[in-house]
Each structure stands twice: as structure tokens, then as C-alpha cells.
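Novice: model the following, please.
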Amino acid sequence: GRPFPAYNGQVPVCLNGPYQQQVMFDILAEAIDRLPLDGVFFNMIGYPTRDYSGRHLGICHCEGCRTRFREMYGMELPAKEDPRDPVFRAYQQFKERTIREQFLRVQALIKSKNPGLAICTYTDAGVDVIRKESNTPKGRWLYEDSEKARLTRLRHPDQQLANAAVHFFHYPHRHTAVSPWLTLRRLCQHMVNGAWLDFYCIGPLHTLEDRFGLAQVREVFRFHAANECWLTNTVSLADVALVADGPCDPDEWRGLFRILSERHVSFRLVLAATMDLTNYPCVIAPDGGRLADDIQRRLDKYVRAGGRLLLTGPKAPTAVATLGLQKELPALPREKGTYIRIRPADKARLLESEFNDLDLLFLDGPLGRAEFHTEVEGLLRYIPPAMFGPPEKCYYTNVSDIPALHVRQADPGVVAWLPWHVGAHYEQQGHAGHAALLDGLLKGVLKAPRTAALAGPEQVEMVHRGDPAGRFEWVSLLNLSGMMDGVAHAPIPVRNVGVRVRPRAPVTRVRLLHAGEPVRFHRRGDGSVECTVPELRDFEIVLFETTKP
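Specialist: Sure thing, here's the model as predicted:
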């Protein structure tokens, strides 16, 4: 096949060609033998089909690729990238397999010569440090790096994440910076979620001609170095587990992530298929009915052990036996003009003062239905399509008996099914009522405990972590108030932010690590400890030191 053209003097070589299959290993072996290396990083791995200018180069058809694909799959390489073509789908598997095999070979060579040498690249196979990047001009969404850090550490607990906060915003403009406050947000979201700090720019720092953001980078790295003993090797102390297995509507996932973050609910991501869920007082399973039956049965076992489970989405979770579901019925389709009635009895259960001024929510999606045992409680009510158009013709005449929330006490546990996408509604339309519903459901219906609480605006992101041995715990506060319509500005200082924790051991001292000063705290009768952060500028970590040795 034709060779890929050189780019600015750089010659691309295929993973299956002689250079990467043999010569690279010879060079690595010599370098390790002769140089005092700390680590090895591989850039632009795999099978890129576009160059730095975005020009499409197509699938590589070199002799190495043709021979290896034929040996592994008994087929010729596909002519083009077409996901509908079964040969191309086999080629996708081929790429994953060969990349994995390559880095397992790399790992074997490097570790045979120097077991302490770190390997880092953009894959999880055969590496010690997984490399990722945050590299868009405005960021992809507000909690992008919190999500990335949590998901990567969840799926690869034995490997560290080095996610680069990239100084520039695109290949053609590598010498100009993104917003300093976007860089700060990226670094802080990784730092407080257990990942490494990583900043990437072109050339030495003192030669940069766009130095926006360097002050923020310097401060975060300085802070991390000064407080490394509190920030490394910590564990999540979350009150809520958000299930990350299986298929899920992306807006439902992001919406739930956003609501929990804005409502200051301490949460972590879990894999229900493999992790022990009994460590968490409450579990939320987005699109729970789409999870595999064996995962649903694990969730059912969690409820039987006393857990509090919330499932969302219109697909009925038929394998969660504690829900008392007898028969799944066809879901009500998405129709214009539908609502959900919040009755006085519902408000009494939800325990949210916001419902004093709210009697209904709009429904803009399908509503799941099922037949249940008689002891299943049905809350909220579906309002069928109402007239809309001219204002004098906008009203509804019927509130059905169809519930929009099902709850069952499965002594000692409790399970609830919200048969629609409350997270997607909030992500798409941002109505406070949907966020209040989820918050109230956790507080009132599921009675999920909160070992960490924050009295402050929604623009403050909170994370609760601590020492595995119980010697300390901390609550991080990240001020996101400067994020405006996708552009990152300097945050507006927030004063008198209240922080309360129910610690695992008696607290002896409370300190603000970023401010570098102690803070007075108060012990409450319920065993919790509370304090006030006088001023939150960009970020703070409130450290609670305990008496446990």
C-alpha cells in the first residue's frame, strides 16, 4: 500500500511495520541500558487516520497490516471506514487487540530491564500511568474533569491517571493559551478526585509568549507539593454511589451528575457488577432497567441487605425483585403537553421546601409503566397531554391515576423507581424542580444519610475524601462561579460557606489548607462537626484531623 506522507519532516510508521515491531524495541533497550530514565511516554499511538491538519489519510494498507489482519481474521482489510461493514467492525477489534499486544510487549521489555521505570501512554494495557488530555478551547462541560478522573480511577484502580491540562486550545495555535480559570478548574477537579496534576505546554515555561494561566498553574502545583500528605492515597467518603455500568442515556448520566454536584451530595462512581455496594448508604442506577439482569440482581441483593436504591428511566428493572414488579407494560410515549402532578401527600414525603411553590413538573419524554404488588406505593401522578397554543387554550382537565414514582419498602431496605429521565430533563432544560425532586427523593423517600453537607451556592463543587486509616478527612470546595456561557472567568468570591461532616473519629483540629490557617469548629449533638469558611476565592480544602492513630 501507499505510504502515509511525511508531515513537517515527521515520517509516520505503522504499528505493524518493522520499525515499531522490532527497531523501536532495540532503541528502547539501548536507551534503558545507557540512560538514567524515570519513565517512557509514547505519543500518537495506534492507527491515526488523519494528520495534524485534519486531512483524511484513510486506513493503512501496508504489508504488515494486510498480513496480520489476514492471519488474525482470515479477511482482507476494508477499503474504507464504514461502521455498517462487518469487515470494518472486525478491523476495529483488530486495532484494539494489536495495540494491547504491542504495549504488553513494551511492558515486558521495560520491566525486565528496570521494574521501576514508569510507562505512560493513551491506553490502559501495559502501562503504569494512563495518559489523557483536556484540550478544548472552552471545555466540553462543567464537570468534565471530575467525571474523567472518577471514571478512569474507577475502571483502572491499579493505575494512575495523568490527564494533561493543555495550555493551548488547538494544534494550529499551540502558542496561545486557554482561559487561566479553565486550566485551574481542570487541575483542581483532577487533584481532589485522586488523580495526578499534569500541565502541558510547548517549550520551557520561561519562553512562553502567552503566559495567561501560569500563575494559576504555579499555585496549584505549589499547593499540591505543600499538602501532598493529605492529598495522596485517599479514598472517597461518599454518601451516594452512582452506577457507571452498562448503557445509559448520556443526558440522563450528565444530568444526575450535575444535580448531585449542584445539590452538594457527596457521591462516587461505582461498577455494580464487581464492587461491594454495601459500603454505600444509597445507590442510584441511571437507566437501571437497561442494565444486564445479573447486575440488576446484584442491586436487588443490595436492597435485601438494607440498602437504599433508586432506579431511573422508562425501561422497567424487571430483575430487581424487591421492587415487586409483576408485569412490564408498554411505556407511555413522549407527547407534547404532558406533566407530572406533585400532590400534597407527595410533598410530605419529599421534604423539600421548594415544593411549597411548585405543584407540577413538565414531562418531555416517555414514562415507564408496570403492574406491581399491592404493597408498592405509587407517588406523583401523570397528567395526559394538555391543550397548548393560544394562552386562553392552555390548560389541562385530567390528572390520571398513573404514578410517576414507585416505592417499595423491602425491610430493611427500600427501592424506588422513577420511570422517566429526571436527569435528562435537568440537563436539557435546567428546571430547578427536577433537581429538587431528586434531592427530595434522596432525603425524604429513601432517607439517605449525608455525612457531608455544604451551606453554599450551587456553583461550589464539593468532594468528600479521607485517609483509609481514618486519621483525617477533608471536604474540597471548588468555586465555579466564573463559568459563564462556556467561557471561564475568574470566580466571584463566596463568603461564609458552611461545612458540616459526621466524622469517622473525634475531630481534634480543623484547618483550611489553601488559606493556610486554622478555623474554629463546633461539635453538634448528633456527632457532626461544623465550621465556616470565611471566604472561598478559587478553591479550598477543609481538613478535619482526628484522634485515630
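Novice: ok, residue 546 to residue 460 distance?
Specialist: 24 Å (C-beta to C-beta, to the nearest Å). In short, each C-beta sits where N, CA and C put it, glycine included.
Novice: show me which of the two is the more surrounded one.
Specialist: Legend: neighbour count by other C-beta atoms under 10 Å for residue 546 and residue 460, higher for residue 460 (24 against 20).
Novice: for whichever strand or helix holds residue 541, give the mean pLDDT please.
Specialist: In the assignment (DSSP states H and E), residue 541 maps to strand 539-546. Taken as a whole, strand 539-546 has a mean pLDDT of 97.
Novice: how about stretch 44-54?
Specialist: Across stretch 44-54, pLDDT averages out at 88.
Novice: tell me which strands the strand holding residue 541 pairs with, and in which orientation.
Specialist: Sheet pairing here is set by DSSP bridges, and for strand 539-546 it gives strand 472-479 (antiparallel), strand 507-512 (antiparallel).
Novice: turn these into JSON lines, including mean neighbour count and distance to residue 529.
Specialist: Formatted as JSON lines, the strands paired with strand 539-546 follow (neighbours: other C-beta atoms under 10 Å; distance: least, C-beta to C-beta, whole Å):
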{"stretch": "strand 472-479", "mean neighbour count": "25", "distance to residue 529": "10"}
{"stretch": "strand 507-512", "mean neighbour count": "18", "distance to residue 529": "5"}
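Novice: closest one to residue 152 among those strands?
Specialist: The closest of those to residue 152 is strand 472-479. By C-beta to C-beta, the value is 18.2 Å.
Novice: so what secondary structure elements neighbour the next helix or strand after that closest one?
Specialist: Stepping forward along the backbone from strand 472-479, the first helix or strand reached (DSSP H and E) is strand 483-484. If you count contacts as 3 or more C-beta pairs under 8 Å, 6 or more residues apart in numbering; DSSP states H and E, strand 483-484 packs onto no helix or strand.
Novice: partner strands of strand 483-484, with direction?
Specialist: The partner list of strand 483-484 in its sheet, established with DSSP bridges, is strand 487-488 (antiparallel).
Novice: contacts made by the strand it pairs with with the rest, please.
Specialist: Strand 487-488 is contacted from outside by 138, 139, 178, 179, 180, 181, 182, 185, 482, using C-beta atoms under 8 Å, 6 or more residues apart in numbering.
Novice: report the buried members of the residues you listed.
Specialist: Among the contacts of strand 487-488, those classed as buried by 16 or more other C-beta atoms under 10 Å are 139, 178, 179, 180, 181, 182, 185, 482.
Novice: SS state for the first one?
Specialist: Put plainly, it is residue 139. coil (DSSP: H, G, I helix; E, B strand; the rest coil).
Novice: now it: closest residue in space that isn't a chain neighbour?
Specialist: Spatial nearest neighbour of residue 139, excluding adjacent residues (C-beta to C-beta, 6 or more residues apart in numbering): residue 182 at 5.6 Å.
Novice: show me what contacts residue 324?
Specialist: 372, 373, 375, 376, 408.
Novice: quick one: residues contacting the second one.
Specialist: This means residue 373. Under the criterion of C-beta under 8 Å, 6+ apart, the neighbours of residue 373 are 324, 326, 408.
Novice: give the helix, strand or coil label for the second one.
Specialist: Taking three-state DSSP as the rule, one finds residue 326 in the strand state.
Novice: correct me, but it touches residue 371?
Specialist: Yes. Counting by C-beta atoms under 8 Å, residue 326 does reach residue 371; the two are 4.6 Å apart.
Novice: quick one: the helices in the stretch 251-400 of the chain?
Specialist: 293-304, 344-350 (DSSP state H, counting those that start in this stretch).
Novice: hey, which of those helices is tucked in deepest?
Specialist: helix 293-304 (a mean of 19; mean count of other C-beta atoms under 10 Å).
Novice: who are the packing partners of that one?
Specialist: Contact partners of helix 293-304 among helices and strands, from 3+ C-beta pairs under 8 Å, 6+ apart: strand 282-285, strand 308-312, strand 413-418.
Novice: and these: which comes nearest residue 102?
Specialist: strand 282-285 (36.5 Å).
Novice: who's sitting farthest from the centroid in this protein?
Specialist: Here the chain reaches farthest from its C-alpha mean at residue 392, the gap being 44.8 Å by C-alpha atoms, centre = their mean.
Novice: what about the helices in the stretch 1-150 of the chain?
Specialist: 18, 24-34, 63-73, 86-113, 144-155.
Novice: and residue 39, bridged to which residues?
Specialist: residue 118.
Novice: helix or strand: which one has residue 534?
Specialist: Per DSSP H and E: residue 534 is located in strand 529-536.
Novice: I meant residue 438, not that one.
Specialist: helix 432-440.
Novice: still on that earlier bit, just send the contacts of strand 487-488 back as JSON lines, with distance to residue 337 too.
Specialist: JSON lines is the format used below for the contacts of strand 487-488 (distance: C-beta to C-beta, whole Å):
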{"residue": "138", "distance to residue 337": "35"}
{"residue": "139", "distance to residue 337": "36"}
{"residue": "178", "distance to residue 337": "43"}
{"residue": "179", "distance to residue 337": "41"}
{"residue": "180", "distance to residue 337": "46"}
{"residue": "181", "distance to residue 337": "41"}
{"residue": "182", "distance to residue 337": "40"}
{"residue": "185", "distance to residue 337": "39"}
{"residue": "482", "distance to residue 337": "38"}
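Novice: which of these lies closest to residue 44?
Specialist: Residue 44 has its nearest neighbour among those in residue 178, at 21.2 Å by C-beta to C-beta.
Novice: ok, the nearest residue to that closest one once chain neighbours are set aside to residue 130 distance?
Specialist: Of all residues not flanking residue 178 in the chain, residue 169 sits nearest, at 4.9 Å (C-beta to C-beta, 6+ apart). As judged by C-beta to C-beta, residue 169 and residue 130 stand 23 Å apart.
Novice: roughly how far apart are the closest residue to residue 201 other than its chain neighbours and residue 141?
Specialist: Using C-beta to C-beta, 6+ apart and skipping the chain neighbours, the partner closest in space to residue 201 is residue 167 (3.6 Å). From residue 167 across to residue 141, the span is 20 Å (C-beta to C-beta).
Novice: with residue 103 instead?
Specialist: With distances taken as C-beta to C-beta, residue 103 is found 30 Å from residue 141.
Novice: likewise for residue 432?
Specialist: In terms of C-beta to C-beta, residue 432 sits 19 Å off from residue 141.
Novice: how about residue 53?
Specialist: Residue 53 is 27 Å from residue 141, by C-beta to C-beta.
Novice: so between those two, which is more surrounded?
Specialist: Of the pair residue 53 and residue 141, residue 141 is the one with more neighbours under other C-beta under 10 Å, namely 13 against 9.
Novice: what's in contact with the strand holding residue 541?
Specialist: Contacts for strand 539-546 (C-beta under 8 Å, 6+ apart): 184, 188, 192, 227, 230-231, 470-479, 499, 501, 503-515, 519, 521, 529, 531, 533.
Novice: show me the shaky parts of the stretch 1-150 of the chain.
Specialist: Under the criterion pLDDT under 70, the flagged ranges of the stretch 1-150 of the chain are 1-4.
Novice: swap that for the stretch 251-400 of the chain, sorry
Specialist: Nowhere does the stretch 251-400 of the chain drop to pLDDT under 70.
Novice: rerun at 90
Specialist: 351-354, 373-375, 386-390, 392-395, 397 (pLDDT under 90).
Novice: how about the strands in it?
Specialist: With DSSP state E, counting those that start in this stretch as the criterion, the stretch 251-400 of the chain has strands at 267-270, 282-285, 308-312, 325-332, 338-341, 360-363, 367-372, 377-379, 381-383.
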